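Asks: Generate a structure from the sequence data that follows.
(one chain, ligands or ions: 2)
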Amino acid sequence: MSTHIGAKPGEIAERVLMPGDPLRAKWIAETYLEGAQCYSTVRGMLGFTGRWNGVDVSVQGSGMGMPSASIYAHELVNEYGVKSLIRVGSCGALTEDLRLRDVVAAIGSSTDSNMNRMRFDGLIDYAPVADFGLLRTSVEVAERRGITMRVGPILAADAFYTDRPDLYDTLADYGVLAVEMESAALYTIAARFKARALTILTVSDHIRTGEKTTSQEREQTFSQMVEIALDTIIA
Ligand SMILES: O=P(O)(O)O[C@H]1O[C@H](CO)[C@@H](O)[C@H]1O
Ligand SMILES: O=c1cc[nH]c(=O)[nH]1
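Replies: Ligands and ions are numbered 1, 2, ... in the order given. This next block holds a predicted model:
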């Protein structure tokens with residue numbers, strides 16, 4: 001066991017899907033993975049291992065925000081030998097052209113988090129980016145499955161409820177597609193510890209139109225991003 005994950009050595013696969021919501025992890029495991037077994041219930045942050053097309057894959061909830069996701073990414077890579085991580089999350093669309101339920105792959109992740117400023121002594125504005133191989137594969141998988149997936153930059157924000165919506169307007173002017181709360185930390189930790197990471201998101205809220213999905217839909221219906229992520233992680 002690590003501090004925050006209750007798995008025994010060998011119970012977590014080298015390939016992990018990482019939703020923020022632990023109940024999305026349960027839904028993914030029960031819906032897609034053959035022979036799924038729950039390996040951790042610590043703090044209710046559920047983790048499962050099963051098989052997708054005969055290949056071992058785990059699904060681990062990461063919680064909301066970069067401090068929480070950092071703990072799970074760090075322990076998965078450093079204590080369980082995880083090599084590939086694909087976050088499967090929800091996001092708010094910042095640009096007009098996105099629609100509710102569109103799928104977005106994050107090529108890079110700007111952030112308002114202070115975590116990397118501390119890491120680099122405030123001297124470098126580090127650019128957290130996706131693993132190119134995973135990103136390329138995900139694009140090929142989406143095309144093969146006939147799913148339209150937007151690829152572009154996103155924002156990883158510390159706050160879900162912002163006092164600075166004007167910054168969203170500015171970021172949209174710079175082509176930033178969507179906002180979520182974990183990817184900059186995930187990409188940074190993967191780079192630091194030589195793992196591969198990618199974030200694939202589904203638009204659950206539209207910042208421009210105010211449209212939103214329900215919590216049940218966020219938990220159990222974002223199947224296109226999950227299918228792209230599963231095919232990508234075993235490729
Ligand atoms: O749906 P998940 O994966 O949790 O992702 C998004 O949803 C949460 C906020 O509602 C944040 O964690 C954000 O990044
Ligand atoms: O971080 C997030 C996730 C979903 N929707 C948002 O508006 N923000």
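
Asks: near ligand 2, which residues of this protein show up?
Replies: 90-92, 160, 179-181, 204-205 (CB under 6 Å from any ligand atom). In short, each C-beta sits where N, CA and C put it, glycine included.

Asks: from those residues, which are also near ligand 1?
Replies: Restricting the residues of the chain next to ligand 2 to those near ligand 1 by CB under 6 Å from any ligand atom leaves 90, 160, 180-181.

Asks: Pull the most distant pair out of those residues.
Replies: Across those, no pair lies farther apart than Ser90 and Phe160, at 10.6 Å, counting by CB to CB.

Asks: Looking at those two, which is more packed in?
Replies: Ser90 (24 against 12; other CB atoms under 10 Å).

Asks: now the residues of the chain next to ligand 2 in TSV, with secondary structure?
Replies: TSV is the format used below for the residues of the chain next to ligand 2 (DSSP: H, G, I helix; E, B strand; the rest coil):
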residue	secondary structure
Ser90	strand
Cys91	strand
Gly92	strand
Phe160	coil
Val179	strand
Glu180	strand
Met181	coil
Ser204	strand
Asp205	strand
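
Asks: residues from the chain in reach of ligand 1?
Replies: Residues of the chain lying near ligand 1 (CB under 6 Å from any ligand atom): 19-21, 64, 89-90, 160, 180-182, 218.

Asks: Buried subset of these, written for ChimeraX?
Replies: To isolate the buried members of the residues of the chain next to ligand 1 in ChimeraX, using 16 or more other CB atoms under 10 Å:
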select :19,20,21,89,90,180,181,182,218
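
Asks: what ranges do the strands span in this protein?
Replies: 15-18, 34-40, 47-52, 55-60, 84-93, 103-111, 149-156, 178-180, 196-206 (DSSP state E).

Asks: From Cys91, how far out is the residue in the chain that ligand 1 sits nearest to?
Replies: Here the chain gets closest to ligand 1 at one residue, Gly20, 2.1 Å apart by CB to the nearest ligand atom. Using CB to CB, to the nearest Å, Gly20 is found at 10 Å from Cys91.

Asks: Same check on Leu98?
Replies: Note on Leu98: its distance to Cys91, by CB to CB, is 9 Å.

Asks: Please apply the same query to Val179.
Replies: Val179 is 6 Å from Cys91, by CB to CB.

Asks: For the residue nearest the centre of the chain, which residues are in contact?
Replies: What sits nearest the mean C-alpha location of the chain, by CA atoms, centre = their mean, is Arg87, with 2.1 Å. For Arg87, the contacting residues are 17-20, 62, 69, 182-183, 186, 197-201, by CB atoms under 8 Å, 6 or more residues apart in numbering.
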